[in-house]
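Q: could you work out the structure for the sequence below:
(one chain, ligands or ions: 1)
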Amino acid sequence: MIALARATFVTALLLVLAAHAHAKNDLFDLEWKELAPGVHVGQRPDPMRYPVVCNTVIVIGSDGVLVFDGGGFPTQGDQVAAKVKALTPKPVKFIVISHWHGDHNRGISPILDAYPGAQVVGHEFTKAAMLGAPMQRIHKAEVAGDARDTAEAIRKALADNKFLDGSPLDPAERPFFERFVADNVAHQAELARMKITPPTIVFDKELYLKLGDRTVELRHFGPANTKGDAVMLLRDAGIVASGDIVVAPIPYAFGSYPSNWADVLKQIKATKYRVLVPGHGPLQSDAAYVDLLIETLQSVAHQVNALVTQGKSLDDISKAVDFAKVEQRFTRNDPILKRFFDLFFKQPVIPAAYNTAKGIENEKLTEDAK
Ligand SMILES: [Zn+2]
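A: Numbering: from 1, shown residues only. This next block holds a predicted model:
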């Protein structure tokens, strides 16, 4: 009886340890899927888990490989390099960066270490932002302990049962935020290995990259999520990778250009893709989600422009913009999706639209520029 009890206890302990080890190690783990011959996508299964991890696409041609958004975290870049090695002996020739936000590029150095001949490719603005104030602002915040402080604030929010803004925490949100705090250890460990690797090849409107038998088309359709978004088109396979112009299930709107963003989405839709790979979240095989984004961004831009014309302040506008027609279609009343629709979309999209209407720069390249 005692032996049995002890065996059960040891088994339970091992299960707990295994679960714990798994929880610690899988934060940046990608699941791979072949979308077409020689086209592979790597995605973290839970797009809402924090920190967010971008989708990576590997494209293999007859004489080399292209990686689109190789990773925001070095552990992600390690996996991408290992995946390419496992798939083909051909070298990585190009690493394309969809935009300057760190979760798409600060983890690509392991791929550059494994393939030193690879060129980093991005829009001109992406290079300028990575060399200038936008990336510096993030870097400074991180050195100052931004991510650690956020985790600490969330730990306190859990203890107080109130979110950072004082709103009550829904009991259904607690497991998400408990994991958020636990994941901070693995997140912090990445910071020391992160590197800023700006593009060595830049383009303005379009660029065609040859991989022997395969041509990869890069397009910049105009300002959308950032002023330098690069979209990848694989015309031979009907695949489009959008970077954060499309993010599901909740869009990210920090420093964006809502009205123009809607126009860019229409241009992506016009490519008649078979599969759309968003910057984060599930693959799209139709235009339903893109249409919802277009409707939402047009509505925000329209409302904000009207209120700016009436001379309203940003504060008043923030209180007045109505999301009722669209919010539930994003959140489906899930408390975490509601929380992040507020944090990642509603809160940042209004100042973004306001700035655009007032001619204020959303992504200042220098610290003093207006
Ligand atoms: Zn992103």
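
Q: and the helix or strand hosting Y208, C-alpha only, in PDB?
A: Y208 is located in strand 206-211, with elements delineated by DSSP states H and E. Extracted C-alpha coordinates of strand 206-211, given in PDB (Å, rounded to 0.1, in the frame of the first residue of the first chain):
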ATOM      1  CA  GLU A 206       8.500  46.100 -55.600                       C
ATOM      2  CA  LEU A 207      11.300  43.600 -55.800                       C
ATOM      3  CA  TYR A 208      11.700  40.200 -57.500                       C
ATOM      4  CA  LEU A 209      14.100  37.700 -55.900                       C
ATOM      5  CA  LYS A 210      15.300  34.700 -57.900                       C
ATOM      6  CA  LEU A 211      15.800  31.300 -56.300                       C
END
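
Q: which element follows that strand toward the C-terminus?
A: Under the assignment DSSP H and E, the closest C-terminal helix or strand after strand 206-211 is strand 214-219.

Q: that following strand: partners in the sheet, and parallel or antiparallel?
A: Strand 214-219 has the following strand partners under DSSP bridges: strand 206-211 (antiparallel), strand 231-234 (antiparallel).

Q: now that strand: buried residues?
A: 214, 216, 218-219 (16 or more other Cβ atoms under 10 Å). C-betas here are computed from N, CA, C, even on glycine.

Q: thinking again about what came up before, which of the strands paired with strand 214-219 sits closest to R44?
A: Checking those against R44 by Cβ to Cβ gives strand 231-234 as the closest, at 19.4 Å.

Q: could you point out which element follows that closest one?
A: With DSSP H and E, the next secondary element past strand 231-234 is strand 239-247.

Q: how far out from the middle of the chain is that following strand?
A: 10 Å (Cα atoms, centre = their mean, to the nearest Å).

Q: for the ion, find the nearest of the strands paired with strand 214-219.
A: Each of the strands paired with strand 214-219 has some distance to the ion by Cβ to the ion; the shortest is strand 231-234, at 14.1 Å.

Q: could I have the closest one exported to PDB, CA atoms only?
A: Extracted as PDB, the C-alpha positions of strand 231-234 are listed here (Å, rounded to 0.1, in the frame of the first residue of the first chain):
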ATOM      1  CA  VAL A 231       4.100  41.600 -48.700                       C
ATOM      2  CA  MET A 232       5.400  38.400 -50.200                       C
ATOM      3  CA  LEU A 233       3.600  36.900 -53.200                       C
ATOM      4  CA  LEU A 234       4.300  33.400 -54.400                       C
END
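
Q: averaged pLDDT, that strand. What do you get?
A: Averaged across strand 231-234, pLDDT comes to 98.

Q: all set, thanks.
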